[in-house]
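In: Let's see this in three dimensions:
(one chain, ligands or ions: 2)
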Amino acid sequence: MSAEMKLFWGDPHIHSTASWRCFEFGNEPDGYDGSPADCYRYARDEAQMDFAAVTDHDCGLAQNFDMKPQDWEAICAAALDYNDSGRFVAFLGFEWSSKGGHRHVIYSHDDAPILPCSEYVTPPDLWAQLEQHDSQALVIPHHIARHGMPNQWEYHNPKFEPVVEICSIWGCYEFAGNPFECDPNWAPSDARGFAREGLGCGLRFGFIGGGDVHDGRAGGHVLGWDISDLKERWANNRQLKRNPLGCGIAGVYATELTREALLEGFRARRTLAATGLKTAIKMDLDGLFIGAQAQATEQQYLRRVITVEAEANCPLRKIEIVRNGLTLTPYPCSGNSDNVEYVDEQPLTEVVPQISADGEFASVYYYVRVTREDFRMAWTSPVWLDFPL
Ligand SMILES: [Zn+2]
Ligand SMILES: [Zn+2]
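Out: Residues are numbered from 1 along each chain as shown. Ligands and ions are numbered 1, 2, ... in the order given. Below is the predicted model:
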């Protein structure tokens, strides 16, 4: 990573009153009106985010009506009004809420249409429209293992989908059986959709978090809950129906705070996912930064050195390095920041390889998971090393 890269935080998945279910979960907050403009204001001024995208549903719950034109106009006006390079980046976007898997779309500019899934039914229909209207758009699959609408990895589009949302108000979608998987009474999981399954297909994508909170508020708020007993509450209280860690947020390493630079960071997968609050992580594998891919060198066949730095505004509990779906030794942490150097001396010939999607080569991927004292978590995107089969 070059020295001038900075870490920016945002919520790329906000719902305003233009979506169904806004305020459905109760707690209609004082002082908010839930409008698209208010969502950007809240993200910037109260949640202290660097960027945000209001991504309202393209259609109604029963998918029998499309978003009202005046709502889309209000969203476009708010994104244009709030986008202020260097201070706060507001992206224009919407959610393509297909029964075949939800995806939110983030545009690179202000002059693009809403593309309802009632009209553009399949992912390839969506890709074709985006090629026409904004070939630099970002498409983000979310609640990827939700039963009845899991992400269908066979549609994965490396150009439009460099990152996937792995945590949100729904829970965590890193792998089946993770401690903060969505409450099965609320939205049971379909094991095929988890991020680890997608990586296991040989696909390459980074990790981000997103809010998906339907009350207009961005940035990982946790509704003021006392989270000291949250694991027990999550296990026992079926009324929570929400990720007790808070919603998700996304970290992006970029050269500057502009739409272009952030989108370049997303495309390079220089991203973090975090639940609730900001937890900064850097990972370096022999000079390769988060999201990178490279051919393994001769030296790397025998030995890889991974360095990790993590920092938050509360004590850290542990740092874990995940290799091809396997969690390697956890490192207990002390203090609000910690470093790890892990030397992987298992020869690549002895590592169960990840086979590429086209079956042509093998690879090994590593990513980092950090757990804080308050149980909130954060992840880096993976780094990949390729080698011949
Ligand atoms: Zn959705
Ligand atoms: Zn959503």
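In: Residue of the stretch 251-389 of the chain nearest ligand 2, please.
Out: Proximity of the stretch 251-389 of the chain to ligand 2 (C-beta to the ion) peaks at residue 273, 15.6 Å away. (C-beta placed from N, C-alpha, C; glycine too.)
In: Now do the contacts for that residue.
Out: The neighbourhood of residue 273, defined by C-beta atoms under 8 Å, 6 or more residues apart in numbering, consists of 165-167, 207-209, 248-251, 378-379.
In: try 6 Å this time
Out: Residues near residue 273 by C-beta atoms under 6 Å, 6 or more residues apart in numbering: 166-167, 207-209, 379.
In: Give the helix, strand or coil label for it.
Out: Classification of residue 273 by DSSP: H, G, I helix; E, B strand; the rest coil places it in strand.
In: pLDDT at residue 65, what is it?
Out: As summarised for this prediction, residue 65 has a pLDDT of 69.
In: What is the host helix or strand of residue 76 packed up against?
Out: Applying DSSP states H and E as the criterion places residue 76 in helix 69-82. Applying 3 or more C-beta pairs under 6 Å, 6 or more residues apart in numbering; DSSP states H and E, we find helix 69-82 packed against helix 36-41, strand 89-98.
In: where does the stretch 201-350 of the chain come near ligand 2, residue by residue?
Out: With C-beta under 5 Å from the ion as the criterion, the stretch 201-350 of the chain comes near ligand 2 at residues residue 212.
In: Where do the helices of the chain begin and end?
Out: 36-41, 69-82, 123-133, 195-200, 230-236, 259-267, 298-302 (DSSP state H).
In: Give me the distance between residue 121 and residue 159.
Out: Here residue 121 is placed at a distance of 20 Å from residue 159 (C-beta to C-beta, to the nearest Å).
In: picking that back up, how far does the helix holding residue 76 sit from the chain's center?
Out: 24 Å (C-alpha atoms, centre = their mean, to the nearest Å).
In: List of residues touching that helix?
Out: Applying C-beta under 6 Å, 6+ apart, the external contacts of helix 69-82 come out as 18, 36-37, 40, 54, 90, 92, 110, 114.
In: tell me which residues of it are tucked away?
Out: The neighbour-count check on helix 69-82 (16 or more other C-beta atoms under 10 Å) flags 71-72, 74-76, 78-79, 82 as buried.
In: Contact partners for residue 280?
Out: If you count contacts by C-beta under 6 Å, 6+ apart, residue 280 has them with 7, 311.
In: per-residue pLDDT, it?
Out: For residue 280, the model assigns a pLDDT of 98.
In: same deal with residue 270?
Out: As predicted, residue 270 sits at a pLDDT of 98.
In: wait, what's in contact with it?
Out: Shown in contact with residue 270 (C-beta under 6 Å, 6+ apart): 253, 290-291.
In: go on, residue 278?
Out: If you count contacts by C-beta under 6 Å, 6+ apart, then residue 278 has residue 9 around it.
In: mind starting the numbering at 4 from now?
Out: Okay, residue one is now 4; in that scheme the one you just asked about reads as residue 281.
In: how many other residues sit next to the residue of the stretch 4-153 of the chain found nearest ligand 2?
Out: Taking C-beta to the ion, ligand 2 has its nearest neighbour within the stretch 4-153 of the chain at residue 98, 4.9 Å off. Applying other C-beta atoms under 10 Å, we find 26 residues neighbouring residue 98.
In: what do you get for residue 157?
Out: Using other C-beta under 10 Å, residue 157 has 9 neighbouring residues.
In: Any figure for the gap between residue 141 and residue 190?
Out: For residue 141, the distance to residue 190 (C-beta to C-beta) stands at 24 Å.
In: more neighbours, those two?
Out: Using other C-beta under 10 Å as the criterion, residue 141 and residue 190 rank with residue 141 on top: 25 against 18.
In: which parts of the stretch 54-203 of the chain sit against ligand 2?
Out: Residues of the stretch 54-203 of the chain found near ligand 2 (C-beta under 5 Å from the ion) are residue 98.
In: pLDDT weak spots in the stretch 54-203 of the chain?
Out: For the stretch 54-203 of the chain, applying pLDDT under 70 flags the ranges 63-68, 188.
In: Go ahead and confirm residue 255 touches residue 267.
Out: No - if you go by C-beta atoms under 6 Å, residue 255 and residue 267 don't touch, sitting 9.2 Å apart.
In: More neighbours: those two, which one.
Out: residue 255 (29 against 15).
In: Please list all residues in contact with that one.
Out: By C-beta under 6 Å, 6+ apart, the contact set of residue 255 is 11, 265, 268, 274.
In: Name whatever forms a beta bridge with it.
Out: Using DSSP bridges, the beta-bridge partners of residue 255 come out as residue 11, residue 274.
In: List buried members of the contacts of helix 72-85 by neighbour count.
Out: Among the contacts of helix 72-85, those classed as buried by 16+ other C-beta under 10 Å are 21, 39-40, 43, 57, 93, 95, 117.
In: Relative to the centre of this structure, find the outermost residue for me.
Out: Residue farthest from the centre of the chain, counting by C-alpha atoms, centre = their mean, is residue 301 at 33.5 Å.
In: And the pLDDT at that one?
Out: pLDDT for residue 301: 96.
In: Next, give phi and psi for the residue in the stretch 204-353 of the chain that ligand 2 sits nearest to.
Out: Nearest residue of the stretch 204-353 of the chain to ligand 2: residue 215, at 4.2 Å (C-beta to the ion). Backbone geometry at residue 215, expressed as degrees, to the nearest 10, gives phi 60, psi 20.
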